[in-house]
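Student: no FASTA, just this:
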């Protein structure tokens, strides 16, 4: 029939084939009859619909990516097959139909799509993980790759099946909202947003279902209003601003003016910029601020700081500036201006130095939290977990261009050197 059948107790299960677009709907229908133990129920039967879907253009929000060689072998949604989904669908439908004929009168079906306080294995035995990057850049891609590697390790170690899909929000709130709605509709077991804006959007979208949200790196969860929510946890990469600026003074005790380069749209930047201003004021060092919200604006802002003849530039864990680092690092080095930044991914893209966290370690810890949330529930998990930082990373090529010896920082901690890549 074209229309939905008349139903009293029903369950509808949707399945999509990964290789060919089709949709299967399975309806469990019960009607009145005297042969069933429940008063007024007359037996249960199934309606199965299977129809092709119209061809659709590729979604801009879903990203098939190529992991780093030797790191992992991944195909997004790697284990889904129609056979597995239909088997699970039939099993779920049969269970619901039996429940309808064996329970007491007046009982209501439970809609337990969320798992804020507890969780159980999915009906088909496959855990579904949605990874949502705020945008495409080195830090977020490193975290994404580390999450996937750790999920693969857990899958092999614990003999479970974990499917994941990678989404890119392109730093656009409306795109992130669409991604969130799609994830909830598709019934993922856990959402792992990477970046503060992505985390805020996924938390808002998951509120009705209480689907666990485990964010991978929000620098200041309190500022972002991501604490005290029962279905939310994650990892924080809060920056040690004092140590980073101590590095700046260790390299050049005669610094007179510092450029503060950041984006007003980034919650991650608010607290560390305020801390940097307080530090510089206490030391009697002047500063000038330049803000930007697009790559072109970042280039213009960097050029303005060069023109103002600043002695050094400080940028916190700011995703907007990070995405443009490759476009500005050479100009800064040529002008003799060291760029101190909030993450090692900046440094691998040409910035001079950082003392931030290791994002591969952070990604692995985030993946373990996500696995715990989707298999054991959120009970006992903290609002967030601070990942230890303080790892000093210096770009050796930029240091050579600036004629600075990375050993100048050895009194402040362990120093690691990297070279510039476009990853």
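Tutor: Yep, that arrived. Every value quoted in this text rests on a predicted model; they were computed, and no experiment measured them.

Student: residue 352 against residue 397, yeah?
Tutor: No: judged on C-beta atoms under 8 Å, residue 352 makes no contact with residue 397 at a distance of 10.0 Å. To be clear about C-beta, it is placed using only N, CA and C from the backbone, and glycine gets the same treatment.

Student: these two: which has the busier surroundings?
Tutor: More crowded of residue 352 and residue 397, by other C-beta atoms under 10 Å: residue 352, with 28 against 15.

Student: what about the more buried one, distance to residue 295?
Tutor: 20 Å (C-beta to C-beta, to the nearest Å).

Student: residue 374 too?
Tutor: Taking C-beta to C-beta, one finds residue 374 at 36 Å from residue 295.

Student: and for residue 192?
Tutor: Applying C-beta to C-beta to residue 192 and residue 295 gives a distance of 26 Å.

Student: out of these two, which sits in the busier spot?
Tutor: Using other C-beta under 10 Å as the criterion, residue 192 and residue 295 rank with residue 192 on top: 32 against 16.

Student: so what touches the one helix or strand that one maps to?
Tutor: Assigned by DSSP states H and E, residue 192 belongs to strand 190-194. The contact list for strand 190-194 (C-beta atoms under 8 Å, 6 or more residues apart in numbering) reads 127-134, 140, 143-144, 147, 180, 183, 199, 201-203, 206, 211-217, 366-367, 370, 373-374.

Student: next one: that strand to chain centre, how far?
Tutor: Offset of strand 190-194 from its chain centre (C-alpha atoms, centre = their mean, to the nearest Å): 4 Å.

Student: next secondary structure after it?
Tutor: Past strand 190-194, the next helix or strand by DSSP H and E is helix 196-206.

Student: which element follows that following helix toward the C-terminus?
Tutor: Beyond helix 196-206 toward the C-terminal end (DSSP H and E), the next one is strand 213-216.

Student: counting by contacts, list what the helix or strand following that following strand packs against.
Tutor: Using DSSP H and E, the helix or strand that directly follows strand 213-216 along the chain is strand 232-236. Under the contact criterion of 3 or more C-beta pairs under 8 Å, 6 or more residues apart in numbering; DSSP states H and E, strand 232-236 touches strand 213-216, helix 359-376, strand 385-386.

Student: so for residue 151, which of the ones you listed sits nearest?
Tutor: Among these, helix 359-376 comes nearest to residue 151, with 5.2 Å by C-beta to C-beta.

Student: hmm, who's touching the closest one?
Tutor: Under C-beta under 8 Å, 6+ apart, the answer for helix 359-376 is 115, 118-119, 121, 127, 129, 139, 142-151, 154, 160, 162, 189-190, 192, 212, 214-217, 233-235, 237, 343-345, 381, 385, 387.

Student: what comes up buried for it?
Tutor: 359-360, 362-375 (16 or more other C-beta atoms under 10 Å).

Student: against residue 132, how distant is the residue nearest to residue 126 when sequence neighbours are not counted?
Tutor: Among residues not flanking residue 126 along the chain, residue 161 sits closest, at 4.6 Å (C-beta to C-beta, 6 or more residues apart in numbering). Residue 161 sits 21 Å away from residue 132, going by C-beta to C-beta.

Student: where does this structure dip in pLDDT?
Tutor: 1-120 (pLDDT under 70).

Student: repeat that for 80
Tutor: 1-124, 389-390, 423 (pLDDT under 80).

Student: now do stretch 313-324: distance to the chain's middle.
Tutor: 18 Å.

Student: residue 310 contacts residue 257, doesn't it?
Tutor: Yes: when contacts are counted by C-beta under 8 Å, residue 310 is listed as touching residue 257 (5.1 Å).

Student: find residues that contact each of these two.
Tutor: With C-beta under 8 Å, 6+ apart, residue 310 and residue 257 have common neighbours residue 288.

Student: in terms of neighbours, single out the busier of those two.
Tutor: A count of neighbours by other C-beta under 10 Å puts residue 310 above the other of residue 310 and residue 257, at 24 against 15.

Student: so which helix or strand takes in that one?
Tutor: Counting by DSSP H and E, residue 310 is part of no helix or strand.

Student: now it: closest residue in space, sequence neighbours ignored.
Tutor: Leaving aside its chain neighbours, residue 310 sits nearest to residue 259 (3.9 Å; criterion: C-beta to C-beta, 6+ apart).

Student: can you tell me the helix or strand for the one you found?
Tutor: strand 257-262.

Student: what lines up beside that strand in the sheet?
Tutor: strand 286-291 (parallel), strand 312-315 (parallel) (DSSP bridges).

Student: burial-wise, tell me which of those strands comes out on top.
Tutor: Each of the strands paired with strand 257-262 was scored by mean neighbour count; the highest is strand 312-315, a mean of 27, by mean count of other C-beta atoms under 10 Å.

Student: what about that strand, distance to the chain center?
Tutor: 26 Å.

Student: outside of that strand, which residues touch it?
Tutor: With C-beta under 8 Å, 6+ apart, strand 312-315 has contacts from 244-245, 248, 252, 255, 258-262, 276, 302, 305, 321, 332, 337-342, 346, 351.

Student: same question for stretch 410-421.
Tutor: Residues contacting stretch 410-421 (C-beta under 8 Å, 6+ apart): 243, 246-247, 250, 329, 344, 347-350, 355, 390-399, 406-407, 409.
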